[in-house]
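Enquirer: Would you be able to build a 3D model of this:
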Amino acid sequence: MCCSLLDSLTTPDVRTRTPARKLKWPPIREAGTHAYVDVRLVDEYDEGGESGAHRRRLCHADSRTRNLDRGAAAAWHDLGVTRPRISTAERRARLAVRHRLLATERTDDVAAIADSMVALHSSDPVTVYLSAAARMAHPSIEAVTTALYDDHAVIRHHAMRRTLWVMTPATARLAHAACTLGLVRTEWNRTARLVELSGIADDGDAWLAAAKVDTLAALHRLGAATARRLGAEVPELAKPLHMAVGKSYAADPAAHTRVLLLLGFDGAIVRGRPTGTWINGQYTWMPMDAIVPGGLGDLDPAEARAALVRRWLRSFGPGTTADVQWWLGSALGAVRAALAEVEAVEVELDGGVSGWVLPDDVPAAAASTKQAPWVAVLPGLDPTTMGWKQRDWYLGEHGAHVFDRNGNGGPTIWLDGEIVGSWVQRKDGTLPHRLLRHVPPQRVKDIDRELAKVRELLGDTRHTVRFPAPVQRDLLASTRGEP
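Expert: Residues are numbered from 1 along each chain as shown. The predicted model follows:
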């Protein structure tokens with residue numbers, strides 16, 4: 001099939017609007033039983049030619065002016081090539097393996113777990129521990145603590161969607177260049193303006209620059225310090241910022257709240273141990289270069305973004321353009337450019353939706369979806385739950401029950417690649433849960449066993465759902481649902 005198709009194509013008159021790499025012709029590559037269009041190319045038509053027939057001309061996709069998805073789709077249709085197809089069942093099977101939710105895929109290497117998910121959500125510190133534990137061969141709170149604060153195999157850093165994540169230093173370097181650095185100038189200007197309006201200094205830029213130098217000097221001298229300790233070491237940090245003056249929510253936090261956040265965005269400092277137990281969200285601070293030799297570096301943002309998208313596709317693919325853009329938190333043009341750079345391949349998903357996979361991840365044939373049955377009890381904001389914007393294929397109609405209005409996913413119960421329920425922890429340590437659809441009795445027993453493991457792991461620790469959705473609020477307020 002592929003050969004006859006290639007033989008039918010004539011060499012086109014290729015013209016590009018922008019300088020580009022040398023194009024290959026034909027723009028078709030083979031992957032097993034499929035042939036697919038190079039997604040860096042888009043289809044254009046020309047009525048010219050002696051016969052007046054359409055003359056096919058494929059040009060380099062310029063992400064600033066072209067719609068890559070529409071162009072690739074047109075190329076598929078017009079060249080008569082069938083796109084590879086990945087069913088919902090296959091997506092769920094991929095998820096189980098790549099996200100280490102099958103018992104055979106689990107490991108006690110916390111860094112490897114983080115890399116499997118690209119990064120672990122850390123808006124709620126509980127998420128980091130329970131997400132890692134769900135993927136460990138021998139779940140352990142202590143092992144996660146060691147990886148974070150002794151070995152520094154993983155670190156906390158603000159990145160995608162301005163969210164706090166835990167990731168390996170290598171991933172942090174990519175995320176910092178691709179996502180975080182874009183926040184620095186805006187936040188710096190905002191903080192400098194606050195400094196001036198609060199009467200701390202006439203020149204906010206100069207004050208911030210001096211505060212940065214003094215704070216880093218204090219951290220290098222102390223090794224690690226809380227915000228309160230830094231306020232004592234650098235008195236300027238204790239001065240109040242007047243925020244939302246005249247509003248009902250006006251506040252006067254110490255300047256360190258903004259300065260430390262800004263230095264974190266800048267990659268100059270990093271969060272260390274919590275000031276309380278492992279569920280506490282207040283941290284000590286350390287110089288970044290004290291735990292990551294050379295710091296986070298200065299990678300090219302576009303190259304870093306492409307590398308990050310490559311990692312996401314490896315772990316979460318196939319995903320739609322909307323999925324990638326939402327997870328990355330970048331402009332659509334930048335996302336399309338990254339997809340083009342990694343030579344993502346368009347595939348067909350159930351429901352007629354188009355998704356993307358890496359070139360070496362195109363299924364050679366209908367992949368087997370046979371897999372050992374599995375159950376996972378995951379915390380709120382788990383990276384699997386939060387991995388895609390378009391979630392119907394694993395969430396069904398349960399979105400309004402499991403997610404809050406801002407799109408934060410609560411604690412979930414997974415059965416063979418599908419969310420089937422939710423759970424919480426009450427003050428007495430019990431873990432009530434509710435199933436959102438019928439589950440066979442034997443599988444209910446499997447769920448009960450996994451919940452018992454989580455309860456044993458938590459022991460005497462009590463935590464609350466950071467962003468409760470309706471079903472979690474109901475479980476906390478009532479005695480309905482299985483105990």
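Enquirer: Angles on the backbone of the residue nearest to the spatial centre of the chain, please.
Expert: Nearest to the mean C-alpha position of the chain, counting by CA atoms, centre = their mean, stands residue 327 at 4.9 Å. Backbone geometry at residue 327, expressed as degrees, to the nearest 10, gives phi -60, psi -40.
Enquirer: looking at it, it is touching residue 383, isn't it?
Expert: No. Checked against CB atoms under 8 Å, the pair residue 327 and residue 383 is beyond contact range at 9.4 Å. For every residue, glycine as well, the C-beta is placed using N, CA and C.
Enquirer: on that earlier part again, now do the contacts for the residue nearest to the centre of the chain.
Expert: 160, 161, 312, 316, 319, 387, 388, 389 (CB atoms under 8 Å, 6 or more residues apart in numbering).
Enquirer: Buried ones among these?
Expert: 160, 312, 316, 319, 387, 388 (16 or more other CB atoms under 10 Å).
Enquirer: Okay, and the beta partners of residue 353?
Expert: On the basis of DSSP bridges, residue 353 is bridged to residue 349.
Enquirer: Quick one: residues contacting residue 126.
Expert: Under the criterion of CB under 8 Å, 6+ apart, the neighbours of residue 126 are 279, 379, 380, 463, 466.
Enquirer: okay, and the helix or strand of the protein with the least pLDDT?
Expert: strand 55-60 (a mean of 30; mean pLDDT, DSSP states H and E).
Enquirer: ok so, going back, which pair in the contacts of residue 126 spans the largest distance?
Expert: 279 and 380 (12.4 Å; CB to CB).
Enquirer: Look at the residue nearest to the centre of the chain and report its pLDDT.
Expert: On pLDDT, residue 327 comes in at 98.
Enquirer: now it: how far from residue 461?
Expert: Between residue 327 and residue 461 the distance is 30 Å, computed by CB to CB, to the nearest Å.
Enquirer: With residue 396 instead?
Expert: 32 Å.
Enquirer: go on, residue 280?
Expert: Following CB to CB, the distance that separates residue 280 from residue 461 is 11 Å.
Enquirer: before we move on, what about residue 369?
Expert: 37 Å.
Enquirer: Report the contact partners of residue 97.
Expert: If you count contacts by CB under 8 Å, 6+ apart, then residue 97 has 105, 371 around it.
Enquirer: Spell out the secondary structure type for residue 183.
Expert: helix (DSSP: H, G, I helix; E, B strand; the rest coil).
Enquirer: Could you pull up the residues touching it?
Expert: Contacts of residue 183 by CB under 8 Å, 6+ apart are 158, 162, 265.
Enquirer: May I see the contacts of residue 126 arranged in JSON lines, with neighbour count, distance to residue 87 and secondary structure as well?
Expert: Output for the contacts of residue 126, formatted as JSON lines (neighbours: other CB atoms under 10 Å; distance: CB to CB, whole Å; DSSP: H, G, I helix; E, B strand; the rest coil):
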{"residue": "279", "neighbour count": "16", "distance to residue 87": "39", "secondary structure": "coil"}
{"residue": "379", "neighbour count": "27", "distance to residue 87": "28", "secondary structure": "coil"}
{"residue": "380", "neighbour count": "32", "distance to residue 87": "29", "secondary structure": "coil"}
{"residue": "463", "neighbour count": "18", "distance to residue 87": "37", "secondary structure": "coil"}
{"residue": "466", "neighbour count": "17", "distance to residue 87": "34", "secondary structure": "coil"}
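Enquirer: Residue 150: which of these is nearest?
Expert: Distances from residue 150 to these, taken by CB to CB, are shortest for residue 279, at 18.5 Å.
Enquirer: Hmm, that closest one is touching residue 461, no?
Expert: Yes. With contact defined as CB under 8 Å, residue 279 and residue 461 form a contacting pair (6.3 Å).
Enquirer: overlap in contacts of those two?
Expert: Joint contacts of residue 279 and residue 461 (CB under 8 Å, 6+ apart) do not exist.
Enquirer: so where does residue 261 fall, helix or strand?
Expert: Assigned by DSSP states H and E, residue 261 falls within helix 256-265.
Enquirer: and the nearest residue to residue 466 once chain neighbours are set aside, how far is that from residue 412?
Expert: Of all residues not flanking residue 466 in the chain, residue 124 sits nearest, at 4.0 Å (CB to CB, 6 or more residues apart in numbering). Computed as CB to CB, the residue 124 to residue 412 distance reads 14 Å.
Enquirer: Show me which of these two is the more surrounded one.
Expert: Using other CB atoms under 10 Å, the more surrounded residue of residue 124 and residue 412 is residue 412, with 28 against 21.
Enquirer: Distance check, the residue nearest to residue 147 when sequence neighbours are not counted against residue 144.
Expert: Leaving aside its chain neighbours, residue 147 sits nearest to residue 110 (3.7 Å; criterion: CB to CB, 6+ apart). Applying CB to CB, the value for residue 110 to residue 144 is 6 Å.
Enquirer: Could you tell me which residues touch both of the two?
Expert: residue 132.
Enquirer: The two - which one has more neighbours?
Expert: With neighbours defined as other CB under 10 Å, residue 110 and residue 144 compare such that residue 110 has more, 27 against 23.
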